[in-house]
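Colleague: here is my input; please provide its structure:
(chains A and B)
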Amino acid sequence: GAVVSQHPSWVICKSGTSVKIECRSLDFQATTMFWYRQFPKQSLMLMATSNEGSKATYEQGVEKDKFLINHASLTLSTLTVTSAHPEDSSFYICSARRGHRSSYEQYFGPGTRLTVT
Amino acid sequence: KNEVEQSPQNLTAQEGEFITINCSYSVGISALHWLQQHPGGGIVSLFMLSSGKKKHGRLIATINIQEKHSSLHITASHPRDSAVYICAVRGSQGNLIFGKGTKLSVKP
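Modeller: Numbers count the residues shown, from 1 in each chain, chains lettered A, B, ... in the order given. As a prediction, this is how the structure comes out:
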């Protein structure tokens, strides 16, 4: 099946620093990529949707200046958490969509656990 | 009320038991996903279905569009099936709406 990778799998950073998380679709070109956040014992919450070459669409309540998303190619999207704070500590999951609106598959990355100290 | 409700929230079973996890939703959907989240957090997509029934190994997923209900069944459960199982529905805009998950623990 299709594979989506994330790097790093876990990261610890100090408050005020920035962290970049990469999401790659390894064996297919992703028409759309999604970034989710999951707090302990909570559902996945969509943060933003990005299409290659265009600006990401952020969900209500998600600060676009804090969570920078770059979708530079059909196989790579990055999420940068700028000026991280302890409340940003969470599990970040990306997902890549293959195919088109009427018929597509969505594949999930393994996630990145961010801890801000 | 959540748009996607799963039951039970927690489930403990003995190895070999037949397991059923239920998902009910209240919105119009174009498809429904069953996902498996391992203890480390990684997510695997098990099924995507919009009607009827799908089977993969010991896993079976069914959906009843009229009743807005789906079930995930695991036959001959095994400790390695222990995970959180998440139901997610694809709304009319293509977005996914997630249930809170069902934590399954299979004891040897």
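Colleague: can you map out the helices along chain B?
Modeller: Assignment of helices within chain B using DSSP state H yields no ranges at all.
Colleague: so residue B:91 makes contact with residue B:26?
Modeller: No - the criterion here is Cβ atoms under 8 Å, and residue B:91 misses it with residue B:26 at 11.1 Å. For glycine as for every other residue, the C-beta is placed from the backbone atoms N, C-alpha and C.
Colleague: for chain B, what are the nearby residues on chain A?
Modeller: Taking Cβ under 8 Å from any Cβ of the partner chain as the contact definition, chain A meets chain B at A:34, A:38, A:42-46, A:49, A:91, A:93, A:101, A:105-111, A:113.
Colleague: repeat the analysis, applying 7 Å as the threshold.
Modeller: Within chain A, the positions adjacent to chain B are A:43-44, A:46, A:91, A:93, A:101, A:105-108, A:110-111, A:113 by Cβ under 7 Å from any Cβ of the partner chain.
Colleague: which of those residues fall within strands?
Modeller: Those of the residues of chain A next to chain B mapping onto strands are A:46, A:91, A:93, A:105-108, A:113, per DSSP state E.
Colleague: ranking these by neighbours, who comes first?
Modeller: Across those, neighbour numbers were computed from other Cβ atoms under 10 Å in any protein chain shown; residue A:93 holds the maximum, 26 neighbours.
Colleague: kindly state the beta-bridge partners for it.
Modeller: Under the criterion DSSP bridges, residue A:93 forms beta bridges with residue A:36.
Colleague: what about it, distance to residue A:20?
Modeller: According to Cβ to Cβ, to the nearest Å, residue A:93 and residue A:20 sit 16 Å apart.
Colleague: just residue A:62 next, same as before
Modeller: With distances defined as Cβ to Cβ, the gap from residue A:62 to residue A:20 amounts to 17 Å.
Colleague: neighbour count for those two, which is higher?
Modeller: Taking residue A:62 and residue A:20 together and counting by other Cβ under 10 Å, residue A:62 has the greater number of neighbours (17 against 14).
Colleague: pull the contacting residues for the nearest residue to that one once chain neighbours are set aside.
Modeller: Setting aside the residues directly before and after it, residue A:62 is nearest to residue A:47 in space (Cβ to Cβ, 6 or more residues apart in numbering or on different chains), at 4.9 Å. Applying Cβ atoms under 7 Å, 6 or more residues apart in numbering or on different chains, we find residue A:47 in contact with A:35-37, A:58-59, A:62, A:67.
Colleague: any chance of those residues in a markdown table, plus distance to residue B:2?
Modeller: Output for the contacts of residue A:47, formatted as a markdown table (distance: Cβ to Cβ, whole Å):
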| residue | distance to residue B:2 |
| --- | --- |
| A:35 | 22 |
| A:36 | 17 |
| A:37 | 18 |
| A:58 | 22 |
| A:59 | 17 |
| A:62 | 20 |
| A:67 | 25 |
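Colleague: now those as JSON lines including pLDDT?
Modeller: Supplementary listing: these in JSON lines, determined by pLDDT from 0 to 100:
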{"residue": "A:35", "pLDDT": "96"}
{"residue": "A:36", "pLDDT": "94"}
{"residue": "A:37", "pLDDT": "94"}
{"residue": "A:58", "pLDDT": "94"}
{"residue": "A:59", "pLDDT": "92"}
{"residue": "A:62", "pLDDT": "95"}
{"residue": "A:67", "pLDDT": "96"}
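Colleague: please consider this matter closed, and thank you.
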